[in-house]
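Asker: Structure, please.
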Amino acid sequence: MQPLDKYTNIISKLIIFSILAVLLLGLITTVFFSEDINAYENRYAYKIANLDFDSYLDKSFQDSFELALSDQIQLSNKAKRAYNLMETYISRIALNPLRKAYDGYIYFKGNIIYKDMLLFAQYPYESTIYWLNFKIDSYNRLFEKHSDLDFYVYYIEKDTDIDFYKNEQAGFYEYIKSKLLLDENMMSGFEVNDFETFKKYFYATDHHWNNEGSYKGYLDVIKLLDPNIVPLKPLDTISFPKPFQGSKTSGFENILSDTMEIYLFEYPAMDIYVNGEIARDYGNQQDFIQNKIDSISYGTVFGNDEGEVIFDLDNDSSNLLIIGESYDNAIIKLIASHFDKTYCVDLRYYEHYMGKPFDFEKYIENNDIDKVLLIGNIDFFSFKIFNIEGGE
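Answerer: All right, here's what the predicted structure looks like:
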């Protein structure tokens, strides 16, 4: 054998061994050490389904195995990101001249680019109202059944509520207000009536409100819950030194970006529990302020979606239950600063993290709840996954 052939053979074997090692390690990780969350795509990570006769025959086990491998194998998210970066580098060459020349909606890979902001399309009216009616009926039964509680509703308008180019609003918030059997003083909303308002209060690349928007939401909610409460005021504004790209950029990174800013507050002393365990804090705003975070997202800074978060000030004020979704992550600690105990529940994740379904009646009884705040955008008020047990 020639020396060159010998080295080529060794290199080939090393490459094959490396590939097999990565695949084997990925298989072991998938089966025994799988992650719960896919942070890059902001969702639960795929896991292998239980193997039984039925799941094998209908191929659901095989499908779940394939999906789990794609999520759990080493470097899979880095590979996805690298692919998306390469793809959007090519797309950006075509998009940039179009963004500058065209003033309307640019539809690209399922999203919309409009005046250098990424948008979701306005939800279709008829089908959204159809699902809203189910939730509204459920809420009204809940209000009637628990008339001893004070219920409050805060609705957050966003890009799915309005077509900015046509300046046409869906009117979902107005519809909800007209149908809920609550006094008008118990309902409020974050209204987005034009593009300038949206641009001021929301990120260009993420589906959440920014620090200005969330603070306005906090002020609205506090006024709704108790007009006599004096809200906390920002002491300073802290900016992250690197550009921030939010959830809407997944699949076409490096086209647009944001500056992540947060307000600095002086919070009262409180104990915090996340999914039943004592926690140092909720979110990582303190680490953000001290520049101890390498990469950022809305969740890593303001708090990830959890099943239950409890703030305990141990004072003589009332107990509040907040049932919401990711928008309230940025303001629940602020709201909690004004109550004895504040219980925050995300119905999408409660059973996953707490090991049991959420039972509204037992929860309010066990925790001596006085006030209940329902807060969220159109997804919260129309999606079945946010339905409250006990409102049936």
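Asker: just how off-centre is stretch 120-137 within its chain?
Answerer: Using CA atoms, centre = their mean, to the nearest Å, the mean C-alpha position of stretch 120-137 is found 20 Å from that of the whole chain.
Asker: Need the three-state assignment for Asp287.
Answerer: Here Asp287 is helix, with the state taken from DSSP: H, G, I helix; E, B strand; the rest coil.
Asker: count of residues packed around it?
Answerer: Neighbourhood size, Asp287 [other CB atoms under 10 Å]: 15. In this view, the C-beta of every residue, glycine as well, is placed from N, C-alpha and C.
Asker: Name all residues that make contact with the residue sitting nearest the centre point of the chain.
Answerer: Nearest to the mean C-alpha position of the chain, by CA atoms, centre = their mean, lies Ser326 at 3.9 Å. Residues in contact with Ser326 (CB atoms under 8 Å, 6 or more residues apart in numbering) are His208, Tyr298, Gly299, Asp305, Asp346.
Asker: Out of those residues, which is nearest to Asp340?
Answerer: Asp346 (21.3 Å; CB to CB).
Asker: For the closest one, which residues are in contact?
Answerer: Residues in contact with Asp346 (CB under 8 Å, 6+ apart) are Asp305, Glu306, Gly307, Glu308, Ile323, Gly324, Glu325, Ser326.
Asker: now do 10 Å
Answerer: 304-309, 322-326, 328-329, 352-353, 358, 376, 380, 386 (CB atoms under 10 Å, 6 or more residues apart in numbering).
Asker: Show the buried residues in the residues you listed.
Answerer: 304, 306-309, 322-326, 328-329, 353, 358, 376, 380, 386 (16 or more other CB atoms under 10 Å).
Asker: per-domain residue ranges of this structure.
Answerer: Here the domain assignment for the chain is 3-74, 80-118, 120-386, based on automatic domain parsing.
Asker: What is the strand or helix carrying Tyr353 packed up against?
Answerer: Assessed by DSSP states H and E, Tyr353 sits inside helix 350-354. Counting contacts by 3 or more CB pairs under 10 Å, 6 or more residues apart in numbering; DSSP states H and E, helix 350-354 is packed against strand 308-312.
Asker: For the strand it packs on, which outside residues touch it?
Answerer: Contacts of strand 308-312 (CB under 10 Å, 6+ apart): 267-276, 278-279, 282-283, 303, 319-320, 322, 328-329, 332-333, 335-337, 339-346, 349-350, 353-354, 358, 363, 367.
Asker: For that strand, which strands pair with it and how are they oriented?
Answerer: strand 271-274 (antiparallel), strand 341-345 (antiparallel) (DSSP bridges).
Asker: can you put those in TSV and add mean neighbour count, mean pLDDT and distance to Leu118?
Answerer: Below are the strands paired with strand 308-312 laid out as TSV (neighbours: other CB atoms under 10 Å; pLDDT from 0 to 100; distance: least, CB to CB, whole Å):
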stretch	mean neighbour count	mean pLDDT	distance to Leu118
strand 271-274	16	98	30
strand 341-345	24	99	28
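Asker: mind checking which of those strands is nearest Phe151?
Answerer: strand 341-345 (14.5 Å).
Asker: Off-centre distance for that closest one?
Answerer: 17 Å.
Asker: try stretch 215-225
Answerer: Centre-to-centre, stretch 215-225 and its host chain are 20 Å apart (CA atoms, centre = their mean).
Asker: how about it: buried residues?
Answerer: Tyr215, Gly217, Tyr218, Asp220, Val221, Ile222, Leu224, Leu225.
Asker: what do you get for stretch 107-120?
Answerer: Phe108, Asn111, Ile112, Ile113, Tyr114, Lys115, Met117, Leu118, Leu119.
Asker: try stretch 255-274
Answerer: For stretch 255-274, burial by neighbour count (16+ other CB under 10 Å) applies to Ile255, Leu256, Ser257, Asp258, Met260, Ile262, Tyr263, Phe265, Met270, Ile272, Tyr273, Val274.
Asker: Dump these to a markdown table, plus distance to Ile293.
Answerer: As requested, these are exported to a markdown table (distance: CB to CB, whole Å):
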| residue | distance to Ile293 |
| --- | --- |
| Ile255 | 23 |
| Leu256 | 21 |
| Ser257 | 16 |
| Asp258 | 15 |
| Met260 | 10 |
| Ile262 | 11 |
| Tyr263 | 16 |
| Phe265 | 18 |
| Met270 | 22 |
| Ile272 | 19 |
| Tyr273 | 23 |
| Val274 | 18 |
